[in-house]
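> Here is the input, now give the coordinates:
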Amino acid sequence: MTTPPFRSVPDATVITGAAGWLGTALTHALALPGGAWSRSGRIRTLVRNRVEGDRLVALGSAVEPVIGDLLDPGSLAGLFEGLNGDIDVLHTAGIIHPPRVADFYRVNLDGTRTMLDLSTRHGVRRFVHVSSNSPFGTNSHPEDRFRNDEPYHPYYGYGTSKMQAELAVFEAAAAGLDAVLVRPPWFYGPHQPPRQTTFFKMVRAGRFPVFAGGNQSRSMVYIDNLVQGLLRAELVATPAGSAWWIADERPYTVEEIVETVGRALVDEGFEVRPNRLRVPDIVARAAEFADATLQRAGRYHQQIHVLGEMNKNIACDISVARGDLGYAPDVSLYDGMRNSIRWCAEQGLDL
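Here you go, the predicted structure:
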């Protein structure tokens, strides 16, 4: 594969959601001396409090935390203050499991609009927006794949908010901002939040619910594969308004994911019970009905929502990212899960 030419590294990089799963991985990749993606320019990170900022500063001296909130535009004044030369924005901030449906729109849509406006006013060189598979719903069958020209069919509140954020990015690009976006599916790897640790615990206990034989097709992306794809989207010269699916080399079945996690846990010295929890499809359909009912009432329940998704096919085609960006995911599901389990052990997390 011919690698597309890279533009120069910017003089400053602004990362929103910097203390989150992806934001932390990005900051680590950029600030790590001698790393494949390390850069010497300033790295301005948006965080919610001093504790988050101090944690990111420990990753490298170039990291400059700014405490602010996307819902309070006045608190973001320092995000671009004193930055000169080329500035790129990596917009990873978002909310996935809020207490209220309205929060999806306040954070994912209004927060994105705020960052697009700031980026336009400060002459940002390139704005990279992190979207999701949720604006496109689910695949019709296990062999179906989301393509780059996929029509929108959003999956409930989160999907609708991310779809509207995508449309805001495209509008900003049409108005002159060099804005592009990446669409990752379910990701995994170091810096994971508690919900992923719960997933490992359920697999270890043999209690992860598998629906209809576990033959559903799922794309996933290891966090370092996602960092590679996002930074290629930033640095490869492509037209404004471009979008790419960024995932592992191929989709997996749910049964394969559970088996691989169990095998990785065993190889890291954990005792794992056979996963025999098989659940009839009607349970997921009932959970989806309850999820829809709750969201219409403005409420959101994480466990019900996730259960309602468990019988769905959600898989994408990364061929356009390969061709446009030279994207080449090089970490396998087994190796990525094993790295994630090791990271949990290093953090003292109970699996």
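> Quick one: mean pLDDT for the helix or strand hosting Leu26?
Taking DSSP states H and E as the definition, Leu26 sits inside helix 21-31. Summarised as a single mean, pLDDT over helix 21-31 is 96.
> Centre of the chain to that helix, how far?
Mean-position distance between helix 21-31 and its chain equals 12 Å (Cα atoms, centre = their mean, to the nearest Å).
> From the contact counts, what lies against it?
Applying 3 or more Cβ pairs under 8 Å, 6 or more residues apart in numbering; DSSP states H and E, one finds that helix 21-31 contacts strand 12-16, strand 42-47, helix 50-57, helix 223-235. Backbone N, C-alpha and C define where each C-beta goes, glycine included.
> could you give the angle of it to helix 223-235?
Interaxial angle, helix 21-31 versus helix 223-235 (axes from the mean of the first three to the mean of the last three Cα atoms, to 10 degrees): 70 degrees.
> Report the angle between helix 21-31 and helix 50-57.
Going by the same axes, to 10 degrees, helix 21-31 makes 40 degrees with helix 50-57.
> Alpha carbons only: can I get helix 21-31 in PDB?
C-alpha atoms of helix 21-31 as PDB (Å, rounded to 0.1, in the frame of the first residue of the first chain):
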ATOM      1  CA  TRP A  21     -10.600   7.100  27.100                       C
ATOM      2  CA  LEU A  22      -9.700   8.200  23.600                       C
ATOM      3  CA  GLY A  23      -8.400  11.700  24.700                       C
ATOM      4  CA  THR A  24      -6.000  10.100  27.200                       C
ATOM      5  CA  ALA A  25      -4.700   7.700  24.600                       C
ATOM      6  CA  LEU A  26      -4.200  10.600  22.100                       C
ATOM      7  CA  THR A  27      -2.500  12.800  24.600                       C
ATOM      8  CA  HIS A  28      -0.200   9.900  25.600                       C
ATOM      9  CA  ALA A  29       0.700   9.200  21.900                       C
ATOM     10  CA  LEU A  30       1.500  12.900  21.200                       C
ATOM     11  CA  ALA A  31       3.400  13.600  24.400                       C
END
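> quick one: contacts of it?
Around helix 21-31, the neighbours that count as contacts under Cβ atoms under 8 Å, 6 or more residues apart in numbering are 13, 15-18, 35-39, 43, 45, 55-56, 59-60, 62-63, 90, 92-93, 130, 187, 189-193, 223-224, 226-227, 230-231.
> List buried members of those by neighbour count.
Using 16 or more other Cβ atoms under 10 Å as the burial test, the contacts of helix 21-31 include 13, 15-18, 37, 39, 43, 45, 55-56, 59-60, 62-63, 90, 92-93, 130, 187, 189-192, 223-224, 226-227, 230-231 as buried.
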